[in-house]
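J.: When you get a sec, could you give me coordinates for this:
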Amino acid sequence: MPISSANRYVLLDASVVAGYYLPIAARHKRSQPRICAIVDSVRKRLSPNVFFYIPNTCIAEVFDVLTKYRYGAKWNPHVKKLLPRGLPKDRYKELRETFAQDIHNGRLFYQCELNRYHILASDLISIVDNAYQYYRGKKQHRPMGTKDHIIVGMGIHLARTHGHDNFAILTSDHRMADLVKRASRLKPTRARQLGLTERMEELGLAFGKEAFPKVINLASCKNSDLEGFFGEWALPTELP
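T.: Numbering: from 1, shown residues only. As a prediction, this is how the structure comes out:
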């Protein structure tokens, strides 16, 4: 399906947005050029049917990442390793101003404000996250945490609003992508045992593989996954 024939709605998390503005901050090298191609295509109005949401909590995270690389070189081992002298003052100011302009009045990214529906829906992924020990080969397992649960909760609500096939969360967080995939593959019997079916009914949702949103992991997905969602890949970044 060509991209011009279908709207696509995307919820971006901080792991990919921060990497768009500051490539060195990208969690995974493969995700950074992909998010640049997607955002630049929309920025240049070459993919007008792609619409970006960003959780308001992630906005604070992106600003925090930029600040970390500006001031953390002296004491933060991660920053010191990647950027020993820190982010130059002028570059720091430029990136902050660009991001601020991009979120102003939804110019590029539309702020998704946290509401009660997102909080209630986050309980669905929280149940799965805490019921299953992911990465069992590791000595320790920690759940994703409330922030990531809320992002998935937003995704559940937005997928319901826009249609499952028209919406996706874009991330480079392996655990988020893997966990949502696991949740979408639960058998009805297990879902009932966990209380998921009852919680979904309370929220007006029907249990099934489309109860949870599509999550695309830019760090590991295939190009065909991106083509399947957007209708083409790579998205155009220059006029023909």
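J.: burial of the nearest residue to residue 37 once chain neighbours are set aside, as a residue count?
T.: Nearest non-adjacent residue to residue 37, counting by Cβ to Cβ, 6 or more residues apart in numbering: residue 234, 5.2 Å away. Yep, even glycine has a C-beta here, placed from its N, CA and C like the rest. Other residues lying near residue 234 total 14 when counted by other Cβ atoms under 10 Å.
J.: Need the three-state assignment for residue 234.
T.: Counting by DSSP: H, G, I helix; E, B strand; the rest coil, the backbone at residue 234 sits in coil.
J.: from what I can see it touches residue 40, true?
T.: No: using Cβ atoms under 8 Å, residue 234 is not in contact with residue 40; the gap is 10.4 Å.
J.: Check the offset of the helix or strand of the chain with the lowest mean pLDDT from the chain's centre.
T.: Sorting the helices and strands of the chain by mean pLDDT, DSSP states H and E puts helix 77-82 at the bottom, at a mean of 88. Centroid displacement of helix 77-82 relative to its chain, using Cα atoms, centre = their mean, to the nearest Å, is 24 Å.
J.: likewise stretch 121-135?
T.: 17 Å.
J.: cool, stretch 210-218 as well?
T.: For stretch 210-218, the distance to the chain centre is 10 Å (Cα atoms, centre = their mean).
J.: Name the residues of it that come out as buried.
T.: Applying a neighbour-count criterion of 16 or more other Cβ atoms under 10 Å, one finds 211, 212, 213, 214, 215, 216, 217, 218 buried in stretch 210-218.
J.: Select from those every entry located in strands.
T.: With strands taken from DSSP state E, the overlap with the buried residues of stretch 210-218 comprises 214, 215, 216, 217.
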